[in-house]
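Visitor: Predicted model, plus sequence, below.
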Amino acid sequence: MAFIIGGFVIKLAGGQPIASYQHIVKAAFGNVGVFNDTLVKATPLILVGLACSLAFTMRLWNIGAEGQFLLGAWGASAVVLVPLLPADTPRIIVIPVMMVAGFLCGALWASSRLFEG
């Protein structure tokens, strides 16, 4: 239904719905490199959805999963980009520190949402 409604909107805007949808499919699945890029971008969102489905089965409501994901990614990246550790720190230390920083930033975001409204 969304494709049909979207097709009408594209047509009203003066575009070609079939050509537009063909371009979307080619841009997402056109060759191995493009498909790999699609998977790289989709995997974190799929994992966020799975985490939310687990919370929903426990009757917990989480509407801030995207924010937790983004802040967690920011926190993990900050360990390397700021840099919080010396450049010669072994990877076996850097990766767990990134994981903890990501966890803490995501948890801080989630806990800050508890006290709103």
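Guide: Okay, I see it.

Visitor: So the residue most central in space within the chain versus residue 38, what's the distance?
Guide: The centroid of the chain falls nearest to residue 45 when counting by Cα atoms, centre = their mean (4.2 Å). Separation of residue 45 from residue 38 (Cβ to Cβ, to the nearest Å) stands at 11 Å. Yep, even glycine has a C-beta here, placed from its N, CA and C like the rest.

Visitor: Helices of the chain, start to end?
Guide: For the chain, helices defined by DSSP state H occupy the ranges 2-12, 17-29, 32-57, 65-81, 91-114.

Visitor: Show me how far the second one is from its chain's centre.
Guide: Here the centre of helix 17-29 is set off from its chain's centre by 22 Å, with Cα atoms, centre = their mean, to the nearest Å.

Visitor: How about the longest one?
Guide: A distance of 7 Å separates the centroid of the chain from that of helix 32-57, by Cα atoms, centre = their mean.

Visitor: And that helix, what does it pack against?
Guide: Packing partners of helix 32-57 (3 or more Cβ pairs under 8 Å, 6 or more residues apart in numbering; DSSP states H and E): helix 17-29, helix 65-81.

Visitor: So which of those is nearest residue 7?
Guide: Nearest to residue 7, of all the helices and strands packed on helix 32-57, is helix 17-29, at 3.6 Å by Cβ to Cβ.

Visitor: Show me what the closest one is packed up against.
Guide: With contacts defined as 3+ Cβ pairs under 8 Å, 6+ apart, helix 17-29 has these neighbours: helix 2-12, helix 32-57.

Visitor: Quick check: which of those helices is nearest to residue 74?
Guide: helix 32-57 (13.0 Å).
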